[in-house]
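**Student:** Build the 3D model from these lines:
(chains A, B, C and D)
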Protein chains: 2
Amino acid sequence: MEKKIFNKFLKERGQRVTKERAVILQKTFSYHGHFDPESLYLRIRETGLKASRASVYRTLNLLCECGLIERVTKTERGTLYEHTFGHGHHDHMLCIGCGSIIEFYSEDLERLQDNLCRKQDFKGVTHTLEIRGYCKRCQKNKK
Amino acid sequence: MEKKIFNKFLKERGQRVTKERAVILQKTFSYHGHFDPESLYLRIRETGLKASRASVYRTLNLLCECGLIERVTKTERGTLYEHTFGHGHHDHMLCIGCGSIIEFYSEDLERLQDNLCRKQDFKGVTHTLEIRGYCKRCQKNKK
DNA sequence: TTGAAATTGAGAATCAATCTCAAATATGGA
DNA sequence: TCCATATTTGAGATTGATTCTCAATTTCAA
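**Tutor:** Residues are numbered from 1 along each chain as shown, chains lettered A, B, ... in the order given. Take a look at the predicted model:
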């Protein structure tokens, strides 16, 4: 399914469907949560498949452009991605204590974005809301 | 005022108040909007004052820790900062077309954050909402 | 004033991400 | 199926932001 979308996207832009791109797409969707380019690259090599780091980075950019994946955040240790297809848009709470991530979706937030944009004559495409704080467990451990 | 806060913060951690830190703090607050470390460094040199790049980076980290400034976003071209003191919390809309930034504040959003956190037993401290899309001018130019 | 401990700065090091370009490959047409 | 050609790949170089190193300098409590 995602393969169809990606290939169609490539065709439309006169770009080619290559083995490497197929491999990278497949492994990208083998993640259930977040991932970074380097670990994706290693996961590909582990399974005996081949694709260079350069191709991984290039293909991740393509996948972002066609909306199959999203950049979650840029940390000091590089960019985190996740696939959005069959996953749905959502936002994140990030625990300062232990680094754990909670995903959530809020219809109210989506509506609010629309209202905010209208006020500023801005045409919103996507948003990222990141709430930083302390998860349940870390709140307890503090005491 | 911000100088007092910063010096107090340093004292409490057994760190020292130095000329360089004072210069960097002062120039940081000479910006009214966003800035990046490199241009801050250049602004310091332009005015004949002295502080190395290393010290600029080190001091920006300290200023973040004590809450006087905030990292706005990490772009492909480095980190953007802004000072928050006497400025108030707000969020951003980022134009994909021209890179311009619109600041906004929404009471509704603050309330929404509280609700969202309560549902997840999460103790929110701060949040960042970044809406990406097209500003008024870029919407027109597209046609 | 003094000396231990913190800080500075020039340049090296790191690290993610992009670029280079020759060799390999995909694709539409014959 | 085979060809011609434009696209893509990959190894390694490069870039660019940020951090690190460490000798020399500076702060500050006593």
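**Student:** So, low pLDDT: which residues of chain A?
**Tutor:** Flagging of chain A using pLDDT under 70 yields the residue ranges A:142-143.
**Student:** Mind giving me the packing neighbours of the longest strand seen in it?
**Tutor:** Criterion DSSP state E: the longest strand present in chain A is strand A:123-134. Judged by 3 or more Cβ pairs under 8 Å, 6 or more residues apart in numbering or on different chains; DSSP states H and E, strand A:123-134 is in contact with strand A:69-75, strand A:91-95, helix A:107-120, helix B:107-120, strand B:123-134. Heads up, the C-betas are built off the backbone N, CA and C, glycines and all.
**Student:** Can you tell me which of those is packed in deepest?
**Tutor:** Greatest average neighbour count among the helices and strands packed on strand A:123-134 goes to strand A:91-95 (a mean of 20), per mean count of other Cβ atoms under 10 Å in any protein chain shown.
**Student:** can you list contacts of whichever helix or strand comes after it?
**Tutor:** Counting by DSSP states H and E, the next helix or strand C-terminal to strand A:91-95 is strand A:101-104. The contact list for strand A:101-104 (Cβ atoms under 8 Å, 6 or more residues apart in numbering or on different chains) reads A:33-34, A:90-95, A:135, B:116, B:119-120, B:122.
**Student:** for strand A:101-104, which positions count as buried?
**Tutor:** A:101, A:102, A:104 (16 or more other Cβ atoms under 10 Å in any protein chain shown).
**Student:** nearest to DNA strand D, of these?
**Tutor:** Using Cβ to the nearest atom of the strand, residue A:101 comes nearest to DNA strand D of the buried residues of strand A:101-104, at 21.3 Å.
**Student:** Can you name the residues bridging to the closest one?
**Tutor:** According to DSSP bridges, the partner residues bridging residue A:101 are residue A:94.
**Student:** picking up where we left off before, what about the helices and strands packed on strand A:123-134, which gets the closest to DNA strand C?
**Tutor:** Comparing the helices and strands packed on strand A:123-134 by Cβ to the nearest atom of the strand, strand A:69-75 comes nearest, at 6.3 Å.
**Student:** Check which helices and strands that closest one is in contact with.
**Tutor:** Strand A:69-75 is packed against helix A:53-65, strand A:78-83, strand A:91-95, strand A:123-134, with contacts defined by 3+ Cβ pairs under 8 Å, 6+ apart.
**Student:** and the longest one with chain B, contact?
**Tutor:** No - for helix A:53-65, no contact with chain B is found by Cβ under 8 Å from any Cβ of the partner chain; the gap never falls below 10.8 Å.
**Student:** then that helix to PDB, C-alphas only?
**Tutor:** These are the backbone C-alpha positions of helix A:53-65, laid out as PDB (Å, rounded to 0.1, in the frame of the first residue of the first chain):
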ATOM      1  CA  ARG A  53      23.900   5.900   4.100                       C
ATOM      2  CA  ALA A  54      23.600   8.500   1.400                       C
ATOM      3  CA  SER A  55      20.600   6.700  -0.100                       C
ATOM      4  CA  VAL A  56      19.000   6.400   3.300                       C
ATOM      5  CA  TYR A  57      19.200  10.100   3.800                       C
ATOM      6  CA  ARG A  58      18.100  10.900   0.300                       C
ATOM      7  CA  THR A  59      15.200   8.500   0.500                       C
ATOM      8  CA  LEU A  60      14.000   9.700   3.900                       C
ATOM      9  CA  ASN A  61      13.800  13.200   2.400                       C
ATOM     10  CA  LEU A  62      11.700  11.900  -0.400                       C
ATOM     11  CA  LEU A  63       9.400  10.000   2.000                       C
ATOM     12  CA  CYS A  64       8.900  13.200   3.900                       C
ATOM     13  CA  GLU A  65       8.000  15.100   0.800                       C
END
